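Asks: Sequence first, predicted model second:
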Amino acid sequence: MALFDDKRDGFFSICDLGSQWCPEPNNTYPASKKKKKGGLKLKIKISDPSLRRLISGGIAGAVSRTCVAPLETIRTHLMVGSSGNSTTEVFHNILQTDGWKGLFRGNLVNVIRVAPSKAIELFAFDTVNKLLSSKPGEESKIPIPASLVAGACAGISSTLVTYPLELVKTRITIEVISV
């Protein structure tokens, strides 16, 4: 029995789980006839789960840091007291002096730092958790939860590897102050 049934007119359903929210067989929703043309489609199949974890973590880290880059820049300026005393003052000052590009100052270095960091975190967590987790019916290998140790190892390993880039990112972000 599959968890998701994708054969119902293009929609996913979870009807086989005994949910009362499932439509009756005669009340299926019509599939959309419109298909969007164009757009970016990139599909890469990676059979090695460890490599897949590394790449997925790197992409997720890069996207998430780019989305919050303006907030990161404003936070850094507030910490060093360079552009004002409030978030709105700093925001308006950055826009006046550097424009929208100023909000993303240092983001490339931040992405270069975060992408490997998240990739290492996911890989280390997965690897350590698999090594320390016991199989069903077996006695536990360690007296504390394996996921706790795996999380600690993941955080430590990613911080050790990427810490120098954090310093570079901060200096690039606030370089406009010393100019």
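Replies: Alright, I've got the coordinates. Numbers count the residues shown, from 1 in each chain.

Asks: do you know how far the residue nearest the centre of the chain is from residue 43?
Replies: Nearest to the mean C-alpha position of the chain, counting by CA atoms, centre = their mean, stands residue 60 at 3.4 Å. Per CB to CB, to the nearest Å, residue 60 is found 17 Å from residue 43. All C-beta atoms are positioned from the backbone trio N, CA, C, and that covers glycine.

Asks: Centre of the chain to the host helix or strand of residue 96, how far?
Replies: Secondary structure from DSSP states H and E places residue 96 in helix 87-98. Relative to its parent chain, helix 87-98 has a centroid offset of 27 Å by CA atoms, centre = their mean, to the nearest Å.

Asks: Show me what that helix is packed against.
Replies: On a contact count with 3 or more CB pairs under 8 Å, 6 or more residues apart in numbering; DSSP states H and E, helix 87-98 meets helix 69-80, helix 100-103.

Asks: can you list contacts of the last one?
Replies: Helix 100-103 has contacts (CB atoms under 8 Å, 6 or more residues apart in numbering) with 69-70, 73-74, 91, 94-95, 176.

Asks: nearest to residue 131, of the helices and strands packed on helix 87-98?
Replies: helix 69-80 (34.2 Å; CB to CB).

Asks: tell me which strands and helices the closest one is in contact with?
Replies: Using 3+ CB pairs under 8 Å, 6+ apart, helix 69-80 sits against helix 87-98, helix 100-103, helix 107-132, helix 146-173.

Asks: JSON lines please, covering those helices and showing mean pLDDT, distance to residue 47 and mean neighbour count.
Replies: Compiled in JSON lines, those are given as follows (pLDDT from 0 to 100; distance: least, CB to CB, whole Å; neighbours: other CB atoms under 10 Å):
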{"stretch": "helix 87-98", "mean pLDDT": "90", "distance to residue 47": "45", "mean neighbour count": "15"}
{"stretch": "helix 100-103", "mean pLDDT": "89", "distance to residue 47": "40", "mean neighbour count": "14"}
{"stretch": "helix 107-132", "mean pLDDT": "87", "distance to residue 47": "16", "mean neighbour count": "20"}
{"stretch": "helix 146-173", "mean pLDDT": "85", "distance to residue 47": "23", "mean neighbour count": "16"}
